[in-house]
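[1] with the sequence up front, the predicted model follows.
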Amino acid sequence: GVLILVHHVITLWSVGDMCASGFGHNLALIMLVMEATAPFVNFRYFMSKAGMKDSLFYLVNGLGMLFSWFFLRILGVMFGGYLAYHQGDQVLRLPTPQLINVVTTFSLGGAMQVFWFYKILRGAIKALGGGSKKKIHVA
């Protein structure tokens with residue numbers, strides 16, 4: 001819905017600003033690599049709408065989403081924060097709009113990544129038997 005639209009507008013603005021202003025190309029690249037999780041998210045949506053929530057493929061896709069989210073998004077945000085910290089003298093010399101871009105993108109964006117990872121992890125625990133007793137169909 002609306003939150004997805006806002007997310008994509010902010011991401012496009014942030015990456016576009018980094019590229020157009022000549023700063024943060026390494027941070028923009030990290031943000032773009034994070035999008036490699038999108039196929040797992042999209043497959044999950046379509047399988048859910050197709051009534052395939054009890055299939056083995058849905059479970060395997062969910063685990064792929066869990067691991068890719070952790071390695072690409074959680075560790076990606078941490079690595080971006082590490083880079084920004086170690087380039088702190090350069091980051092602090094950025095014009096105010098670009099400084100706001102870097103700080104908000106990685107702080108608010110990082111918080112969103114952790115929130116969604118928590119929800120994905122809870123779903124994985126539930127699907128693997130830590131929650132409901134749903135039967136998985138191998139078809």
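    That came through fine.
[2] and the longest helix seen in the chain, how far out from the chain middle?
    Assignment by DSSP state H gives helix 96-125 as the longest helix of the chain. Relative to its chain's centre, helix 96-125 lies at 7 Å (C-alpha atoms, centre = their mean, to the nearest Å).
[3] helices and strands around the helix or strand hosting Val15, which ones?
    Per DSSP states H and E: Val15 is located in helix 2-21. Under the contact criterion of 3 or more C-beta pairs under 8 Å, 6 or more residues apart in numbering; DSSP states H and E, helix 2-21 touches helix 25-34, helix 96-125. To be clear about C-beta, it is placed using only N, CA and C from the backbone, and glycine gets the same treatment.
[4] with mean neighbour count added, can I get those in TSV?
    Output for the helices and strands packed on helix 2-21, formatted as TSV (neighbours: other C-beta atoms under 10 Å):
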stretch	mean neighbour count
helix 25-34	17
helix 96-125	15
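[5] any chance of those in TSV, plus mean pLDDT and distance to Arg73?
    What follows is the helices and strands packed on helix 2-21, written out as TSV (pLDDT from 0 to 100; distance: least, C-beta to C-beta, whole Å):
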stretch	mean pLDDT	distance to Arg73
helix 25-34	88	5
helix 96-125	91	4
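[6] no further questions, thank you.
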